[in-house]
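1. need coordinates for the following:
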Amino acid sequence: MSTTTEPHIPTEGIKYTGSKLRLLPHIMDTATRLRDVHTVLDGFSGSTRVAQAFARQGYDTTANDIAPWSEVLGTCYLLPSRDDRYFASLLDHFNALPGYDGWFTQHYGGGEDEPTKRPFQRKNTRRLDAIRDEIDRLALPWDEKCVVLTSLILALDKVDNTLGHYAAYLAHWSRRSYNDLQLMLPHRFPLDSHNEVVRGDVFDLIPHRTFDLAYLDPPYGSNNEKMPPSRVRYAAYYHLWTTVVNNDRPPLFGRANRREDTRDEVAASPFEDYRKDADGHFVALEALRRLIEGTQAHYLLLSYSSGGRATREQLTDILTSCGTLKEVQKIDYQRNIMSHLRSTHHWTTDTDTPHCEYLFLLEK
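-> Residues are numbered from 1 along each chain as shown. This is a model prediction of the structure:
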């Protein structure tokens, strides 16, 4: 694998609240400075940008996430499938389909003169209905289906009427929503690594696998006691991508037409939980402790927001109890600067800003 990181490693993805696009150069710079790293885990893969970058650099990469749409993106980019000429012909077929009013149009398509806010203009949901039904009719092999579904998700992401998630929609149509839905080839890349895509709870994976490096980016929740983060969870933010992947026409609720199975009491994540357990410990902190202790890796790279549930002191206690804290990097998004805080003392005495993220390098 490469021993020096590129200034910019090209990746592809959707608008994503948890995206690590701006953090990616720092993640890759840290990884490439470590010796004897060949196998990598991206434990909360999300839009898969980090996993893509690891695979591009030649690491044998395992991408894990609980979301069905993350598995689709990971399969498209990290696993082999047929060549672009085949998919170009297939996408031409989908792009030529006439649209019609179907389930997606009924629930997610809107017009300019309608008071209900919707994520897409009706002309594009009509295309979505036709394309998604045709994908199922063709009964493509899973790897091919994932490439086509990725193309569809990327195309929808370019014509949406949102701020990047699907828990609420813009009151006035965005400029991009007027564009026509058009499927294009995902930017796949030659694979020089042996990769794996897993869909499941990270706690079900880590007891059975060992890695040279594990990158962990759990949901942060919030340390704002007045606004518990259970109000909207990641499963709710991206419910539409789950429905596009599954095409299961689920029961819906609320103004945003969320999937019934994304209600907070159903799609709960311990990392986003603001409550305390029976012993008086924060559920989110105990989940983070279990994650760090249970991950079997020589190096562990953890990213965490300054606004997350865990405080700096709590994170320091958890990390130092599990190994040697080698390095902390602070990335200040508000001022667009990055600083290296190489000692625990500097980390615990540093002052947070509202828009900064930390990268912790732990040697276990």
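2. tell me the residue furthest from the middle of this structure?
-> Farthest-out residue of the chain from its mean C-alpha position, per CA atoms, centre = their mean: residue 113, at 34.1 Å.
3. where does that one land in three-state SS?
-> coil (DSSP: H, G, I helix; E, B strand; the rest coil).
4. ok, residue 325 next?
-> Residue 325 - assigned by three-state DSSP - is strand.
5. surely it meets residue 316?
-> Yes: Residue 325 lies in contact with residue 316 (CB atoms under 8 Å); the separation is 7.4 Å. Bear in mind the C-beta positions are built from the backbone N, C-alpha and C, glycine included.
6. pLDDT wise, what is the residue farthest from the centre of the chain at?
-> The score at residue 113 is 81. That number is its pLDDT.
7. ditto for the one 4 residues further on
-> pLDDT, the model's per-residue confidence, is 92 for residue 117.
8. for it, which non-adjacent residue is closest in space?
-> Nearest non-adjacent residue to residue 117, counting by CB to CB, 6 or more residues apart in numbering: residue 169, 4.2 Å away.
9. repeat that for residue 168.
-> residue 256 (5.8 Å).
10. and the residue farthest from the centre of the chain, what are its phi and psi?
-> Note on residue 113: backbone dihedrals following degrees, to the nearest 10 are phi -90, psi 10.
11. now do residue 282
-> Dihedral pair for residue 282: phi -60, psi 130, per degrees, to the nearest 10.
12. how many residues are close by it?
-> Neighbourhood size, residue 282 [other CB atoms under 10 Å]: 19.
13. did I read that right, residue 329 in a strand?
-> Yes: the assignment for residue 329 is a strand, going by three-state DSSP.
14. pull the number of nearby residues for the closest residue to it other than its chain neighbours.
-> Nearest residue to residue 329, sequence neighbours excluded (CB to CB, 6+ apart): residue 359, at 4.2 Å. Residue 359 has 23 neighbouring residues, counting by other CB under 10 Å.
15. does residue 359 count as helix, strand or coil?
-> strand.
16. ditto for residue 150
-> Residue 150 - assigned by three-state DSSP - is helix.
17. follow-up on the earlier one: surely the residue nearest to residue 329 is in contact with residue 30?
-> Yes: Residue 359 lies in contact with residue 30 (CB under 8 Å); the separation is 6.5 Å.
18. what touches both of these two?
-> 301, 327, 329 (CB atoms under 8 Å, 6 or more residues apart in numbering).
19. doesn't the first one belong to a strand?
-> It refers to residue 301. Yes: checked against three-state DSSP, residue 301 lies within a strand.
20. for the residue lying closest to it once chain neighbours are set aside, what is the enclosing helix or strand?
-> Closest residue in space to residue 301, ignoring its immediate chain neighbours: residue 215 at 4.7 Å, by CB to CB, 6+ apart. When elements are assigned from DSSP states H and E, residue 215 belongs to strand 211-216.
21. what packs against that strand?
-> Helices and strands touching strand 211-216, by 3 or more CB pairs under 8 Å, 6 or more residues apart in numbering; DSSP states H and E, are helix 24-32, strand 39-42, strand 297-305.
22. what's the first helix or strand after it?
-> Past strand 211-216, the next helix or strand by DSSP H and E is helix 234-237.
23. output that next one as CSV, nothing but the C-alphas.
-> What follows is helix 234-237 as a C-alpha-only set of coordinates in CSV (Å, rounded to 0.1, in the frame of the first residue of the first chain):
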residue,chain,number,x,y,z
TYR,A,234,-29.7,8.9,12.0
ALA,A,235,-32.2,6.2,10.9
ALA,A,236,-34.8,8.9,10.7
TYR,A,237,-32.6,11.4,8.8
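24. distance between the following helix or strand past it and the chain's centre?
-> Of the helices and strands lying after helix 234-237 in sequence (DSSP H and E), the nearest is helix 239-246. Distance, stretch centre to chain centre, for helix 239-246: 14 Å (CA atoms, centre = their mean, to the nearest Å).
25. then stretch 96-109?
-> 27 Å.
26. for that stretch, how far is the first residue from the last?
-> Start-to-end span of stretch 96-109 (CA to CA, to the nearest Å) is 20 Å.
27. before we move on, the earlier item: please tell me how far the residue nearest to residue 329 sits from residue 303.
-> Distance from residue 359 to residue 303, counting by CB to CB, to the nearest Å: 5 Å.
28. perfect, that will be all.
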